[in-house]
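1. return a 3D structure for these sequence lines:
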Amino acid sequence: MVGRMGLTDGVFAPNIKFMNNLVKTFDARIGALAEADGHSIAAIIAAAGDVALIIDAQGIVRDIAFNDGDAQLEESRAWLGQVWADTVTIESRAKVEGMLAEVREDGVSRRRQVNHPVADGPDLAVAYTAVRLGRSGTVAAIGRDLRAVGQLQQRLVEVQQTLERDYWRMRHIETRYRLLFQLSAEAVMVIDAHTMKVVEANPAAAALFGAQARGMIGKAFPFGLDAAGQRAATEYLASIRTAGRADPVRVTLTAAGRGATLSAALVRQDSSTLFLVRLLPEGSEAAATSSSANARVVDLIESAPDAFVVADLDGRVLTANRAFLDLAQLATQEQARGQSIGQWIGRPGADLAVLLATLREHGVARLFSTTVRGEYGSTAEVELSAVAAPNGEEPCIGITMRDVGRRLATGPQGARDLTRAVEQLTGLVGRVSLRELVRDTVDLVERHFIEAALELTHDNRTSAAEVLGVSRQSLYVKLRRYNLGAAQPDTEVS
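-> Just a heads-up that it's a prediction; the model follows:
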């Protein structure tokens, strides 16, 4: 606080009677207060608020004290010599005049908020309390800066407005959801995952079960299904709760007397977990659309360039597409159906067992390298990806196979790729005999060093033969064998 109250001590001459009326709680210390001089009282007034004004009997500001370093409060220096009521906004003048009237009558005024206009910003809000000093009519107005309170109030209003907007947005979302839920032609129920009681059911679900929608709320699901359907629904929802997903199951509705497909999704809301259950009756338009979509998927899989096989959990073929029949050199699906896929895939008794064990443990296998053997002796290097679907009506596994033989045949060239090429050959262990592996490795290394010598001698075959320590004729034979450029004698003089 910077004090500028330079008036004489006579302004602050103690008025014992007035002080007794003003500070009744200080009766025990009145003697100490009566001994205070003008400088001490000025310091007390300056320290009592964020801004303090000394106003004479005519209402003119004669002195001022305020917090140092505050730009807006520093502008209050311009109030010196002005009538106090002229330093505030129009709506605050009546408050200033009221405080001065209360001071003249009672010696002290009530606290009131007034606003001082600021040239380049919002009004400066100050809560003043006016106190009469001595008998001359001089008044001390002690003020508290309310800008921090105003900012908090503004933030509160903004938060309230944000909450109001969010509330109405959620109301609109809920309205749209309920309209969609009620008007949907598909039977949909919301079920509590812990109690298995129906929380909500739309009219389509009520019609499917032959009941009222409100009458279904609170009932424990499954209901309205035959015994097999109840077991299937219970196991299906348990799988959804545990794994998060499962293949839809077929159930029979006792009221409608027809089958339906039951599917569900797990929804978490705050601390509760819900099932969103959907029932699709057989023969409905939605079921027909679903069947049409499934038919398109089957057609695409049949025409896919990668082989695709559906087998049971023991690896016996249920169906296969055209690409797999080509790899296995089969004419029709009937030749493959019911046979173990291990008859064509991998090492007998090895690769298929590893693949099935991986699917049982993890449910999925990716980039499993193996070989497909054709009925007439052809072989193809393939990469398998497989997934298990153990929870459907007919548990099965799906296997895709991609022929990577052409990719492997294009071996890496040059010195920098020798290590990578050897690693690829190592991956053939168990699928190719040791003699073939050694022969291919020797050829790979020999070709690599010939290429390195040609690169070192800038393709001078005579110099390359000398670097390798072989005759030129021997080098030309190897160049022809590995198809490394034109294997003709050099014409330059060595």
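2. going forward, measure contacts between C-alpha atoms and count neighbours the same way
-> Fine.
3. over to V188. Which of the three states is it?
-> strand (DSSP: H, G, I helix; E, B strand; the rest coil).
4. the one 10 residues further on too?
-> Under three-state DSSP, V198 falls in the strand class.
5. so who does it touch?
-> The contact partners of V198, taken as Cα atoms under 8 Å, 6 or more residues apart in numbering, are M189, V190, I191, D192, M216, I217, G218, K219, A220, F221.
6. any idea how far it is from R231?
-> Taking Cα to Cα, to the nearest Å as the measure, V198 falls 18 Å from R231.
7. next, the buried residues of the helix ranked longest in the chain.
-> Of all the elements of type helix in the chain, the one with the most residues (DSSP state H) is helix 147-183. If you call a residue buried by 16 or more other Cα atoms under 10 Å, then helix 147-183 has these buried ones: F181, Q182.
8. same check, this time on stretch 115-134
-> Along stretch 115-134, these residues count as buried under the neighbour rule (16+ other Cα under 10 Å): 115-116, 123-134.
9. ok, stretch 360-369 next?
-> V364, A365, S369.
10. buried members of the contacts of V198 into ChimeraX, please.
-> Here is the ChimeraX command that picks out the buried ones among the contacts of V198, judged by 16+ other Cα under 10 Å:
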select :189,190,191,192,216,217,221
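11. can you flag which of the contacts of V198 belong to helices?
-> Counting by DSSP H, these place M216 in helices.
12. of all the contacts of V198, which two lie farthest apart?
-> Distance extremes for the contacts of V198: the farthest pair is D192 and M216 at 13.1 Å, using Cα to Cα.
13. ok, back up a step: for the longest helix of the chain, the distance to its chain's centre please.
-> Its chain's C-alpha centre lies 23 Å from the corresponding centre of helix 147-183 when counted by Cα atoms, centre = their mean, to the nearest Å.
14. kindly report the same for stretch 242-253.
-> 28 Å.
15. partner strands of the helix or strand hosting R144 and their direction?
-> With elements delineated by DSSP states H and E, R144 resides in strand 138-145, which encompasses its position. Strand pairing for strand 138-145, determined by DSSP bridges: strand 51-55 (antiparallel), strand 124-133 (antiparallel).
16. model confidence over stretch 138-156, on average?
-> For stretch 138-156, the mean pLDDT works out to 86.
17. next: stretch 379-387.
-> Here the mean pLDDT over stretch 379-387 is 87, rounded to a whole number.
18. list the contacts of that stretch.
-> 327, 359, 363-373, 397-405.
19. now, those that are in helices?
-> L327, L359, G405.
20. which element is the residue nearest the centre of the chain on?
-> What sits nearest the mean C-alpha location of the chain, by Cα atoms, centre = their mean, is R268, with 15.3 Å. With elements delineated by DSSP H and E, R268 resides in strand 258-269, which encompasses its position.
21. tell me the strands beside the helix or strand following that strand, with direction?
-> On the C-terminal side of strand 258-269, the nearest following helix or strand under DSSP H and E is strand 272-281. Applying DSSP bridges, strand 272-281 is found paired with strand 187-192 (antiparallel), strand 258-269 (antiparallel).
22. name the stretch among the ones you listed that sits most buried.
-> For those, the largest average neighbour count (mean count of other Cα atoms under 10 Å) is found in strand 187-192, namely a mean of 24.
23. check what contacts it and list those residues.
-> The list of residues contacting strand 187-192 from outside it, by Cα under 8 Å, 6+ apart, reads 181, 197-206, 208, 221, 272-280.
24. among those residues, which ones are buried?
-> 181, 197-206, 208, 221, 274-280.
25. looking at strand pairing, list the partners for V51.
-> F66, G143.
26. L276 now?
-> For L276, the beta-bridge assignment (DSSP bridges) gives partners V190, A265.
27. OK, contacts around it?
-> Residues in contact with L276 (Cα under 8 Å, 6+ apart) are V188, M189, V190, I191, A264, A265, L266, V267.
28. again, 10 Å this time
-> 188-193, 200-201, 263-267 (Cα atoms under 10 Å, 6 or more residues apart in numbering).
29. same check on G398?
-> Residues touching G398, when contacts are defined by Cα under 10 Å, 6+ apart, comprise 308-313, 315, 317-320, 364, 385-389.
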